[in-house]
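J.: dropping the sequence and predicted coords here.
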Amino acid sequence: MMTYVLAAAALYFLYRLWPRESTTAAIAKPSRQVEQIYGCAGVFDRATGKDCVMLDIDGVLHPGFSGSFEFAPAFESLMRQWPHVDIVLSSDWRLGGDLDYLRSYFADDIAQRIVGGTYVEEGGSRHNEIVRTCSSHGITRWIALDDTADLFPPECDYLVLLDRHRGLSGSGYEAAAKAFVEAFGPPQRGERYIPSV
Ligand SMILES: [Mg+2]
């Protein structure tokens with residue numbers, strides 16, 4: 001009988017000492033840790049101004065997930081008309097590369113105005129991530145260019161919701177230009193740009 005008791009006690013202690021999968025640690029992972037793991041999420045390499053554009057990429061700078069960046073010239077045109085506005089990446093692309101990698105997709109003068117990427121919040125919406133980022137970095141006026149309504153609350157007043165197939169072409173460009181004026185005032189440079197689509 002005593003042998004069985006000792007064997008059971010030994011098994012119990014082995015069970016307690018055996019290293020286990022960190023499933024609970026994964027669930028309870030603090031958000032600060034997540035920010036450090038993924039690309040440039042939550043990374044800013046310089047201070048922002050108070051006016052920023054929160055930029056999604058897929059469905060905004062190209063149709064869907066094509067990766068063509070064919071509407072990037074339209075975006076860059078907008079940014080040149082409001083030269084004091086900074087760019088913060090809210091796209092999931094920010095999870096896959098550092099700031100310099102993502103800047104390489106843009107013209108040099110626009111690339112240098114990309115100041116960072118929004119934080120990642122596990123279980124949080126893109127809206128939550130944007131609001132937290134703006135709060136942390138003193139951003140007081142912003143608009144978001146995005147093609148996914150579900151990531152934002154209904155009637156979200158800063159969202160410029162674009163058609164994911166047309167992005168910043170045609171009426172999408174016009175809607176974005178109107179939102180820039182409403183958020184940041186009249187264009188400060190009169191660059192003329194005719195959308196190609
Ligand atoms: Mg998108």
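T.: Thanks, I have it. All values reported here derive from a predicted model rather than from experimental measurement.
J.: rest of the way, CA atoms for contacts and neighbours
T.: Fine.
J.: looking at this structure, which residue is nearest the ion?
T.: Residue of the chain nearest the ion, by C-alpha to the ion: residue 58 (4.1 Å).
J.: doesn't residue 178 lie inside a helix?
T.: Yes - if the criterion is DSSP: H, G, I helix; E, B strand; the rest coil, then residue 178 is within a helix.
J.: show me where the chain dips below the pLDDT cut-off.
T.: Applying pLDDT under 70 to the chain flags the ranges 1-37, 190-197.
J.: end-to-end on stretch 65-82?
T.: 27 Å (C-alpha to C-alpha, to the nearest Å).
J.: tell me which residues in it are buried?
T.: 69-75, 77-82 (16 or more other C-alpha atoms under 10 Å).
J.: let's see which of those end up in helices.
T.: Of those, the ones assigned to helices by DSSP state H are 72-75, 77-81.
J.: need those in JSON lines with distance to residue 186, can you?
T.: Output for these, formatted as JSON lines (distance: C-alpha to C-alpha, whole Å):
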{"residue": "72", "distance to residue 186": "21"}
{"residue": "73", "distance to residue 186": "20"}
{"residue": "74", "distance to residue 186": "17"}
{"residue": "75", "distance to residue 186": "16"}
{"residue": "77", "distance to residue 186": "14"}
{"residue": "78", "distance to residue 186": "12"}
{"residue": "79", "distance to residue 186": "12"}
{"residue": "80", "distance to residue 186": "12"}
{"residue": "81", "distance to residue 186": "9"}
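J.: just the residues you listed that are near the ion?
T.: Filtering these for neighbours of the ion using C-alpha under 5 Å from the ion leaves an empty set.
J.: among these, which one lies nearest to residue 153?
T.: Among these, residue 75 lies closest to residue 153 (C-alpha to C-alpha), at 24.2 Å.
J.: these two touch, right, the closest one and residue 61?
T.: Yes - with contacts counted by C-alpha atoms under 8 Å, residue 75 reaches residue 61, the gap being 7.4 Å.
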